[in-house]
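**Q** whatever this is, show me its structure:
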Amino acid sequence: MFAISIATAGLIPRGLGPRAYGEFSFLSDFFSKVVGFLNTGTSLGFFAKISQRQHEHALIRFYWGFFGFACVGMVLLVAGASVLGVENYLWPSQQLKYVWLAVVWGGLIWMSENISKLVDAYALTAKGEIIRVSQKILGTGLLLLLFWLDRFSLTMFFAYQYVITLFLCLAWARILRQHGVPVWPRRKLNRPEIRSYSKEFYTYSAPLFVYSLVSLVTGIFDRWILQTFSGSVEQGYFGLSVSIGAVCFLFASAMTPLILREFAVAATTDTARMRKLFARHIPLLFAITTIIAVFVSVQADKVSTLLGGAKFQEASLAVGIMALYPIFQTYGQLNGSFFYATGKTQVYRNIGVFTMVLGSIVTLFVLAPKEYSGLAAGATGLAFKTVLAAIVLINLQLWYACKHLQLKFTSFLGHQILALVAFGLISTGAARVADALLTSTLLSFLFSGSLYVAVSLVSVCVFPQLLFLSRQELRQLYESLKPRIPGFRVS
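**A** Predicted coordinates for the structure are as follows:
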């Protein structure tokens, strides 16, 4: 799946080019932020509640109703902007037809996320991941077909997104139905049920309204400022850096739902188990993501050229910085699951609002033109701000979570520094050795990757602290994984 994602991440920017890719990146990010605001944390609440009350199918029916109303709101937003003639202010230099295509994309993506939550809540994650791999294969095939037919355009790319997202939704729905879960329950809800669920979700999400509103404004502000001051090409460079960062996050994102579900269950009955889950799995996932992300960061110039082509060579610095973002994104998602599972949404809101407002000030400084006393740093500046804000955010969240769970925050902070420095040095050394021996960009990249993996594995065996494990815990982890190692036979 990692290889397929890498191929896809390279085909799309090459097919669209920096400008069109930047337009898609800007519009898709805009409506993903709108979806996030309309969601207001309800999707995670839905996940936690359905994980705890799996036979309550009326809950599923209610949430789809909420989803429908929210999508209508998104349509009215664009229609209203068009009628008032302010579309050029909201979406600078964008054609209205692409804005409408992005609206549909936003609705489909949200629908797929809701169905994904059901798959994870009913412990069908393994089967769901098989479907996701099939979708990736289908998507890669369709992209190659578009190249072969010479039909790669922004309109066709939106159509491609619709096809692969609908495939994912329908395939997941089929799995759920096979296990007796009605994805779209037909039963009607009576008024008492609607009032009860509305009150329940309101109580859960109301503290996050301010958080979601600030997240919407600051998130759109970042990309809007980049689009206004730097244009679609810089938007494309930043979009490539985000896309490559998402590939680095693949492993952690596949494991995260399993931990989220355990958190949701443990939060109601077993604080000690939740403490153990937090201390054991979160630093481990952080370290694994660091191994991948640090290598991509060090090799950013090669990655940008290999995936985006010569037109994206100037994106290398932004790619190098944003490659580090998934490291902290891993912590961010798992920290967030702690706050949601324990109902500490007000604290989550306060920390998030503080860092987002502070981040917007930094955004304005790094992106504004020099005549406005800014740095005019474009995609590189926004990448720097994004990673810096993530570091501040996750460590503030982590400090509170450790305090609540009676864990030592300095141990987690020290592990972050240790993992980043250690794997950064190993990756830099591997890159220099490869560059000294080989002149081919591709061969140097592959050789340095192989050398990096080998040295990293040895380092982890010698210093298991890199994974936040003791030597005994590392041995136990190895014993649990042995039966899954290809070719390994238990005597």
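**Q** please name the nearest non-neighbouring residue to the residue nearest to the spatial centre of the chain.
**A** With distances taken as C-alpha atoms, centre = their mean, the residue of the chain nearest its centroid is residue 246 (6.0 Å). What sits nearest to residue 246 in space, not counting adjacent residues and going by C-beta to C-beta, 6 or more residues apart in numbering, is residue 326, at 7.3 Å. Using the backbone N, CA and C atoms, a C-beta is placed for each residue, glycine as well.
**Q** ok, residue 181 next?
**A** Nearest one to residue 181, counting by C-beta to C-beta, 6+ apart, is residue 122 at 5.6 Å.
**Q** now do the contacts for that neighbour.
**A** 54, 176, 179, 181 (C-beta atoms under 8 Å, 6 or more residues apart in numbering).
**Q** likewise residue 460?
**A** Contacts for residue 460 (C-beta under 8 Å, 6+ apart) come out as 466-467, 474.
**Q** how close does it sit to residue 125?
**A** According to C-beta to C-beta, to the nearest Å, residue 460 stands 26 Å off from residue 125.
**Q** helix or strand: which one has residue 407?
**A** Under the criterion of DSSP states H and E, residue 407 resides outside all helices and strands.
**Q** quick check: it touching residue 277?
**A** No: if you go by C-beta atoms under 8 Å, residue 407 and residue 277 don't touch, sitting 11.4 Å apart.
**Q** so, low pLDDT: which residues of the stretch 1-150 of the chain?
**A** For the stretch 1-150 of the chain, the stretches flagged by pLDDT under 70 are 1-5, 7.
**Q** ok, which stretches of it are strands?
**A** Remark: strands of the stretch 1-150 of the chain are absent; assignment by DSSP state E, counting those that start in this stretch.
**Q** quick check on residue 372: phi, psi?
**A** Dihedral pair for residue 372: phi -100, psi 20, per degrees, to the nearest 10.
**Q** what about it, how many neighbours?
**A** 11 (other C-beta atoms under 10 Å).
**Q** got a list of what it touches?
**A** Neighbours of residue 372 in contact, by C-beta under 8 Å, 6+ apart: none.
**Q** looking at this protein, which helix is longest?
**A** helix 209-248 (DSSP state H).
**Q** show me how the chain divides into domains.
**A** The chain breaks down by automatic domain parsing into domains covering 2-407, 418-491.
**Q** winner for burial among those domains?
**A** domain 2-407 (a mean of 19; mean count of other C-beta atoms under 10 Å).
**Q** give me the pLDDT value at residue 490.
**A** In this model, residue 490 is scored at 40, pLDDT.
**Q** ranges for the helices of the stretch 1-150 of the chain?
**A** Ranges of helices in the stretch 1-150 of the chain, per DSSP state H, counting those that start in this stretch, are 2-39, 42-52, 57-84, 87-90, 96-121, 125-149.
**Q** the first one - contacts with which helices or strands?
**A** Here helix 2-39 is seen to pack against helix 57-84, helix 96-121, helix 125-149, helix 154-178, helix 209-248, helix 250-269, helix 300-308 when contacts are counted using 3 or more C-beta pairs under 8 Å, 6 or more residues apart in numbering; DSSP states H and E.
**Q** out of those, nearest to residue 18?
**A** helix 209-248 (3.6 Å; C-beta to C-beta).
**Q** helices or strands up against the closest one?
**A** Using 3+ C-beta pairs under 8 Å, 6+ apart, helix 209-248 sits against helix 2-39, helix 271-298, helix 300-308, helix 316-322, helix 325-342, helix 345-367, helix 378-405.
**Q** residue 168: which of those is closest?
**A** The nearest among the helices and strands packed on helix 209-248, by C-beta to C-beta, is helix 2-39 at 13.9 Å.
**Q** that closest one versus helix 300-308: what angle between them?
**A** Interaxial angle of helix 2-39 relative to helix 300-308 (axes from the mean of the first three to the mean of the last three C-alpha atoms, to 10 degrees): 90 degrees.
**Q** angle of helix 2-39 against helix 42-52?
**A** Orientation of helix 2-39 against helix 42-52 (the same axes, to 10 degrees) gives an angle of 100 degrees.
**Q** tell me the angle helix 2-39 makes with helix 154-178.
**A** 90 degrees.
**Q** just how off-centre is helix 2-39 within its chain?
**A** 12 Å (C-alpha atoms, centre = their mean, to the nearest Å).
**Q** same question, stretch 211-222
**A** 17 Å.
**Q** cool, stretch 89-108 as well?
**A** Stretch 89-108 sits 21 Å away from the centroid of its parent chain (C-alpha atoms, centre = their mean).
**Q** just the CA atoms of it, as PDB, please.
**A** What follows is stretch 89-108, C-alpha atoms only, in PDB (Å, rounded to 0.1, in the frame of the first residue of the first chain):
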ATOM      1  CA  TYR A  89     -13.000  36.900  -2.700                       C
ATOM      2  CA  LEU A  90     -13.600  33.600  -1.100                       C
ATOM      3  CA  TRP A  91     -11.800  31.500  -3.800                       C
ATOM      4  CA  PRO A  92      -9.300  33.800  -5.500                       C
ATOM      5  CA  SER A  93      -8.600  33.000  -9.200                       C
ATOM      6  CA  GLN A  94     -10.800  29.900  -9.100                       C
ATOM      7  CA  GLN A  95     -13.500  29.000 -11.600                       C
ATOM      8  CA  LEU A  96     -16.900  28.500 -10.100                       C
ATOM      9  CA  LYS A  97     -17.400  25.100 -11.700                       C
ATOM     10  CA  TYR A  98     -14.400  23.800  -9.800                       C
ATOM     11  CA  VAL A  99     -15.800  25.200  -6.600                       C
ATOM     12  CA  TRP A 100     -18.900  23.200  -7.100                       C
ATOM     13  CA  LEU A 101     -16.900  20.100  -8.000                       C
ATOM     14  CA  ALA A 102     -15.000  20.600  -4.700                       C
ATOM     15  CA  VAL A 103     -18.300  20.800  -2.800                       C
ATOM     16  CA  VAL A 104     -19.300  17.300  -4.000                       C
ATOM     17  CA  TRP A 105     -15.800  16.000  -3.200                       C
ATOM     18  CA  GLY A 106     -16.100  17.400   0.300                       C
ATOM     19  CA  GLY A 107     -19.500  15.600   0.900                       C
ATOM     20  CA  LEU A 108     -18.200  12.300  -0.500                       C
END
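**Q** with adjacent residues omitted, what lies nearest to residue 14?
**A** Nearest non-adjacent residue to residue 14 (C-beta to C-beta, 6+ apart): residue 309, at 5.0 Å.
**Q** now do the SS call for the residue nearest to residue 64 when sequence neighbours are not counted.
**A** Using C-beta to C-beta, 6+ apart and skipping the chain neighbours, the partner closest in space to residue 64 is residue 184 (6.2 Å). Under DSSP: H, G, I helix; E, B strand; the rest coil, residue 184 falls in the coil class.
**Q** now residue 184: how far from residue 43?
**A** Using C-beta to C-beta, residue 184 is found at 16 Å from residue 43.
**Q** ok, residue 333 next?
**A** 13 Å.
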